[in-house]
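Student: Provide a 3D model corresponding to the input given below.
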Amino acid sequence: MLLYMRAANHSVAAAIRSSSPVPQLVTIKSNILQAMEGSCVSPKTEVSSSLRSSEAWSFKRAVGSITCLQKNALIISKTRFKCASHRIAYLGPVCQSLEPHTSNFVHESEQHHLTSGAWKNLAAEREETKTVLLKFLKDLGLSTNLSSRVAKKGGQFVDHLLLILHTRYHHLYIVGKEPTTTEIQKTLVLYLEALAAEHREGLLDFLVYFPDPPPTRADNFGKNSSLSSTGKPFPTTDGLENSYLTLDGNFKPSVSYALSLGLTLKQVEAIAKKCPSFISCRPERNVHPVVSFFLGLGVGKAGIVKILLKRPQIFLCNLEGYLKPSMLYLESYGIKRSQWSKILVKFPALLTYGPAKLEAAVAFLHTIGFSSTDVGFIISRFPHVVSFSVEQKLIPTLEFLKSIGVDNLAVFLRRSPQVFGYSVEGNMKPTLRFLVELGYSQPEVITIINKFPQILGLAINSTIKPKWDYYAETGWPKSRLVAFPQYFGYSLETRIKPRFTEVMKRGLDWSPNRILSSSDKDFERLLCIHSEEGKEPI
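Tutor: Here you go, the predicted structure:
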C-alpha cells in the first residue's frame, strides 16, 4: 500500500507540472477510490481510533488532498496561469501531503473543513486576505476608493486567494495550526505580482470578473472604457491608431497605467514630450517599484500624479542603485524619512541628481558656515538649491548679498533659503533700485530685506508698484513699511484693499501690521472694539 501511495504521489507531481492538470488528477483520484473499494473501505467511512494508523486513513487523506489539488488546478487553469514553476509553487505543498505518515492523523471534521469549502467562513482570514489585496492595489497607484471597489466586486477572487492559502499551508491547517501574517502576506503578494505581470493593464478586469473571462473591451472595468482611479471614464483609442501612445489598437501599458492614476490624454502627451522613454517602458518593471517605494514614504496618489507630471524620469531610475543611495546620503545631513513625501512632491528632481551634483551643493553650503544639520534643513526647505550651478548661480548670489550689506548671511539664508533661487540681475538689483527711488535710505532698504527677504523675488510692475501706489494714497508714513515690509506679500485685492477700506472708513489710524496680520475673525473683533477710538496708531 505504501508503494502504491508513493506512486500516486509521483503521478500527482507530474500532473501539476502539465498544462492540463485537471483530467490527470481526476484519473488519479478515481484510481485511489477503486483501491479503497478493493480494500473494503468506503470514502464515507467514519475514521475510528482503530483506523487512524491504518491504510484506510492514508487512502482517505490522499483523496482529500487530491480533491483540494483538483479545485485549485481548475482555478489556475481558468486564470491562464500556465507557468509550471508558479503552479508547483502553490500546488506543490499539497502534493507533499499525499505521502502517508501514520504517526500524524487528524479528525474527519478537520479533513472536511479543508475539502468542503468551510474556509470561506473564516472571517478573520478573509479580512486579512482583503487587506493584503487592498494594499497591493494601492501600491500599484490606485486610489483607496477604487481599490475598495475592486476588492468588493472581486469577492470570488478573494475566495480564490483563501483557497490558495489553505492549499499552500495545507500541512499547517491539517494539524490545527495557521500560517503567520508574514507568511500570508508573502504568499499572496508573490501570487498577485505574478498576476500583475501577466495581465498588466487588464488586471482590474481579471480581478473583478474572476473566475469568468473579462467581457469585451467596450465593457471592460479597467481598460479604455473603464473607470480610472478618479472615477472618471478612461479615454478611448479612437482616432489614435497610429499614435505613439498605442500598440495594436490598445494603449501601451505605461499609458494605461498613467490614465488609471487619473491623468488626461493631454497630460500623458506632455509626459511623452518631456520623457519619451516613459511611454515605452514596462510599468511593472520600472514604474511600479518606484511608486510602491514612494507610497511607503507617505506620498499619496495625488502626490504620485504631481511627481509624474513634474519629473517622469524619476520613475525610470534604478531604485536600489540610484534613488535610495541619494536619499540615504541626504538623510546623513539630517533630512528625516518623514519629510520625503513633501520634498518629493515639491521637487522630485532632487533624487535624480548624481553624487557629484549633491556633493557640490553640500560643500558650498558648508562654506557659508552651515553645520551638517543646517545643510539638511536648507535642502528640505528649498530642495531646488541642489539644482543650481555653484559657479554660475550660488556664488554670484552670495557675493551680491554680501555687497549690499546683508547682516549675518548664515542666519539670513537659513531663514529664507529661497533667496538662492532669485535672479541677481532680473530680480534683486531692480528691486533695490526701486526701493531707493521711493526715497528709502540704504540702511532702510537693508532693514526691509532682512525682515522680508521674499521682496527680492517679487515682480516690480505687477506686485510691488501697485501695492506701493495704493499705500501712498492713504497718506500714511512710508516708514511704517520699513517696520512691516510683509505688507508687500499680501494680496492687494482680497486682503489689503478690503481691510484698509474698513479701517479708514472708521477713522482709525492703525499700523499695516495690525491691519493685515490678524485672522479675519480677529480683525472683525478688533474693529468692534476700536470703532470709537481716535486716530492714534495702534
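
Student: what's in contact with stretch 482-491?
Tutor: 440, 444, 447-448, 451-452, 454-455, 458, 463-464, 467-468, 471, 481, 496, 511-513, 516-517 (C-beta atoms under 8 Å, 6 or more residues apart in numbering). (C-beta placed from N, C-alpha, C; glycine too.)

Student: so where is the stretch 351-500 of the chain shaky, pLDDT-wise?
Tutor: The stretch 351-500 of the chain contains no residues with pLDDT under 70.

Student: please enumerate the helices of it.
Tutor: If DSSP state H, counting those that start in this stretch is used as the criterion, the helices of the stretch 351-500 of the chain fall at 355-368, 372-381, 395-403, 409-415, 429-437, 442-451, 465-474, 479-483, 497-505.

Student: packing partners for the longest one?
Tutor: Packed against helix 355-368 by the contact rule (3 or more C-beta pairs under 8 Å, 6 or more residues apart in numbering; DSSP states H and E) you find helix 324-331, helix 372-381, helix 409-415.

Student: tell me the angle the second one makes with helix 324-331.
Tutor: It stands for helix 372-381. With axes from the mean of the first three to the mean of the last three C-alpha atoms, to 10 degrees as the basis, helix 372-381 and helix 324-331 are set at 120 degrees to each other.

Student: state the number of residues packed around Leu142.
Tutor: Neighbours of Leu142 under the rule other C-beta atoms under 10 Å: 23.

Student: could you do the one 4 residues further on as well?
Tutor: Here the number of neighbours of Leu146 (other C-beta under 10 Å) works out to 23.

Student: one more: Ile279?
Tutor: Using other C-beta under 10 Å, the number of residues around Ile279 comes to 21.

Student: in which helix or strand would I find the nearest residue to it once chain neighbours are set aside?
Tutor: Take Ile279 and drop its neighbours on the chain: the residue closest to it by C-beta to C-beta, 6 or more residues apart in numbering is Ala272, 4.8 Å away. Ala272 is located in helix 265-274, with elements delineated by DSSP states H and E.

Student: do the same with Thr167
Tutor: Going by DSSP H and E, Thr167 is in helix 155-168.

Student: drop anything exposed from the contacts of stretch 482-491.
Tutor: Buried residues within these, defined by neighbour count using 16 or more other C-beta atoms under 10 Å: 440, 444, 447-448, 452, 455, 458, 463-464, 467-468, 471, 481, 496, 512, 516.

Student: for the helix holding Thr167, which positions count as buried?
Tutor: Within helix 155-168, the residues that count as buried by 16+ other C-beta under 10 Å are Phe157, Val158, Asp159, His160, Leu161, Leu162, Leu163, Ile164, Leu165, His166, Thr167, Arg168.

Student: you'd agree the last one is up against Thr187?
Tutor: Looking back up the chat, that one is Arg168. Yes: the criterion here is C-beta atoms under 8 Å, and Arg168 meets it with Thr187 at 5.3 Å.

Student: what is in contact with the two at once?
Tutor: Among the neighbours of Arg168, those also in contact with Thr187 (C-beta under 8 Å, 6+ apart) are Pro179.

Student: ranges for the helices of the stretch 201-350 of the chain?
Tutor: With helices called from DSSP H, counting those that start in this stretch, the stretch 201-350 of the chain shows them at 203-209, 253-260, 265-274, 276-279, 287-296, 301-310, 324-331, 340-346.

Student: out of these, deepest packed?
Tutor: helix 253-260 (a mean of 25; mean count of other C-beta atoms under 10 Å).

Student: how many degrees apart are that one and helix 301-310 in direction?
Tutor: Using the same axes, to 10 degrees: helix 253-260 against helix 301-310 is 130 degrees.

Student: show me what helix 253-260 packs onto, helices and strands only.
Tutor: Applying 3+ C-beta pairs under 8 Å, 6+ apart, we find helix 253-260 packed against helix 265-274, helix 276-279.

Student: include mean pLDDT and distance to Lys130 when you put the ones you listed into CSV, please.
Tutor: Shown next, in CSV, are the helices and strands packed on helix 253-260 (pLDDT from 0 to 100; distance: least, C-beta to C-beta, whole Å):
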stretch, mean pLDDT, distance to Lys130
helix 265-274, 90, 31
helix 276-279, 89, 32
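
Student: those helices: which one's closest to Ser372?
Tutor: Ser372 sits nearest to helix 265-274 of all the helices and strands packed on helix 253-260, at 34.2 Å, using C-beta to C-beta.

Student: quick one: contacts of that closest one?
Tutor: The contact list for helix 265-274 (C-beta under 8 Å, 6+ apart) reads Pro235, Tyr244, Leu245, Val255, Ala258, Leu259, Leu263, Phe278, Ile279, Leu308, Leu309, Pro312.

Student: which one among these gets closest to Leu526?
Tutor: Of all the contacts of helix 265-274, Leu526 sits closest to Leu309, with 42.8 Å by C-beta to C-beta.

Student: could you check how far the closest residue to that closest one other than its chain neighbours is from Gly426?
Tutor: Of all residues not flanking Leu309 in the chain, Gln267 sits nearest, at 6.3 Å (C-beta to C-beta, 6+ apart). To Gly426, Gln267 is 30 Å away according to C-beta to C-beta, to the nearest Å.

Student: ok, Ala361 next?
Tutor: For Ala361, the distance to Gly426 (C-beta to C-beta) stands at 22 Å.

Student: so which of the two has more stuff around it?
Tutor: Using other C-beta under 10 Å as the criterion, Ala361 and Gly426 rank with Ala361 on top: 23 against 11.

Student: just checking, that one touches Val386?
Tutor: Yes: counting by C-beta under 8 Å, Val386 is a contact partner of Ala361 at 4.5 Å.

Student: list the residues that contact both of the two?
Tutor: Going by C-beta under 8 Å, 6+ apart, residues that sit against Ala361 and also against Val386 are Ile379.

Student: could you list the domains of this protein?
Tutor: 2-116, 121-219, 424-530 (automatic domain parsing).

Student: lowest-confidence stretch among those?
Tutor: Ranked by mean pLDDT, the domains of the chain bottom out at domain 2-116, which scores a mean of 48.

Student: name the SS class of Pro179, please.
Tutor: Of the three states, Pro179 takes coil under DSSP: H, G, I helix; E, B strand; the rest coil.

Student: which ones are touching the residue nearest to it when sequence neighbours are not counted?
Tutor: Computed as C-beta to C-beta, 6+ apart, the closest residue to Pro179 that is not its neighbour in sequence is Tyr169, at 4.5 Å. With contact set as C-beta under 8 Å, 6+ apart, Tyr169 has these partners: Pro93, Glu178, Pro179, Glu183, Thr187.

Student: how about Met327?
Tutor: Taking C-beta under 8 Å, 6+ apart as the contact definition, Met327 lies against Trp340, Leu351.

Student: for Thr352, see how far away it is.
Tutor: 11 Å.

Student: now for those two: what residues contact both?
Tutor: In contact with both Met327 and Thr352: no residue, using C-beta under 8 Å, 6+ apart.

Student: check contacts around Lys306.
Tutor: Neighbouring residues of Lys306 by C-beta under 8 Å, 6+ apart: Val345.

Student: now Asn450
Tutor: Val406, Asp407, Phe412.

Student: with Ala410 instead?
Tutor: Ala410 neighbours (C-beta under 8 Å, 6+ apart): Ile368, Gly369, Phe370, Asp374.
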